[in-house]
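# no sequence for this one, just the structure:
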């Protein structure tokens, strides 16, 4: 069973994209062993070399299935349009692992309007499809990719972490801290609907107020240790 360590084997599926690349940079810099995946293994290798130079740490690149097979924790960071096909391609490599989904159901051209799946959320659908032997966690939907990719930028927004397995949520919260983010236990996988919906709201706010990467903050002082 995957638990947090200071040097985890993390596979980021869709790691050639902006959000996945930003997470890869920050986790590699923090000392984790990061592999990025792409449908095109050659593209992943080339992008990994670029990211390695930027992070000052080794990042590997393979096709999605190979990356997922080698990861102890697997992160899905692909556009919603390719989510189902990509999940199907890596499904055999997820058994017993923590699987972190950052996907938001954005449906162009109306990306400023919330459009959740009929069942409630992307992550809830994933948990149903993969079954309870995969520890599905939802996180990082509301963080600006540009901020993640700028290693000198302090991430001044919080992260909701949802999932049915509390220790798995705790692992992802610690990984968020390694990437210079504050994260919060936000309940079962059903609650992922809130984070997924918030992305469209934040996109609207970015446009309406000309903000470069609006985010959310939780106020109040925790009275309990949620680790």
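Great, that's in hand. This is a predicted model, so every value here is computed, not measured. Residues are numbered from 1 along each chain as shown.
# ok, longest helix in the chain?
In terms of residue count, the longest helix belonging to the chain (DSSP state H) is helix 192-209.
# show me what that one is packed against.
helix 122-130, strand 135-138, strand 158-163 (3 or more Cβ pairs under 8 Å, 6 or more residues apart in numbering; DSSP states H and E). Bear in mind the C-beta positions are built from the backbone N, C-alpha and C, glycine included.
# I'd like the next helix or strand past the shortest one.
Looking back up the chat, that one is strand 135-138. helix 145-149 (DSSP states H and E).
# returning to what we had before: okay, angle between the longest helix of the chain and strand 158-163 too, please.
Helix 192-209 runs at 160 degrees relative to strand 158-163, counting by axes from the mean of the first three to the mean of the last three Cα atoms, to 10 degrees.
# list the contacts of helix 192-209.
101, 103-106, 111-116, 120-124, 138-139, 141-142, 160, 162, 186, 211-216 (Cβ atoms under 8 Å, 6 or more residues apart in numbering).
# in that helix, which residues are buried?
192, 193, 194, 195, 196, 197, 198, 199, 200, 202, 203 (16 or more other Cβ atoms under 10 Å).
# any weak-confidence spans in this protein?
With pLDDT under 70 as the threshold, the chain has low-confidence stretches at 1, 225-227.
# and stretch 132-142, how far out from the chain's middle?
8 Å (Cα atoms, centre = their mean, to the nearest Å).
# end-to-end on that stretch?
With Cα to Cα, to the nearest Å as the measure, the ends of stretch 132-142 fall 26 Å from one another.
# and for stretch 149-156?
End residues of stretch 149-156 are separated by 14 Å (Cα to Cα).
# ok, stretch 99-113 next?
Termini of stretch 99-113 sit 27 Å apart (Cα to Cα).
# buried ones in it?
Those would be 99, 100, 101, 102, 103, 104, 105, 106, 111, 112, for stretch 99-113 by 16+ other Cβ under 10 Å.
# then stretch 86-93?
For stretch 86-93, using 16+ other Cβ under 10 Å, the buried residues are 86, 87, 89, 90, 91, 93.
# identify the residues contacting it?
With Cβ under 8 Å, 6+ apart, stretch 86-93 has contacts from 13-14, 37, 39, 64-65, 68-69, 71, 74, 76, 78, 126, 129-130.
# closest to residue 223 out of the residues you listed?
Using Cβ to Cβ, residue 126 comes nearest to residue 223 of the contacts of stretch 86-93, at 32.3 Å.
# whichever helix or strand residue 169 is part of: which residues count as buried?
Per DSSP H and E, residue 169 falls inside helix 166-178. By neighbour count on 16+ other Cβ under 10 Å, the buried set for helix 166-178 is 168, 169, 170, 171, 172, 173, 174, 175, 176, 178.
# distance between stretch 92-106 and the chain's centre?
That offset, for stretch 92-106, works out to 9 Å (Cα atoms, centre = their mean).
# distance between the ends of that stretch?
Span of stretch 92-106 from end to end, Cα to Cα: 26 Å.
# let's number from 31 now, not from 1
Yep, numbering from 31; the last one is stretch 122-136 now.
# what's the helix holding residue 199 packed up against?
helix 48-59, strand 128-131, strand 165-168, strand 188-193, strand 212-215.
# wait, which of the ones you listed is closest to residue 79?
Across those, closest to residue 79 is helix 48-59 (Cβ to Cβ), at 12.2 Å.
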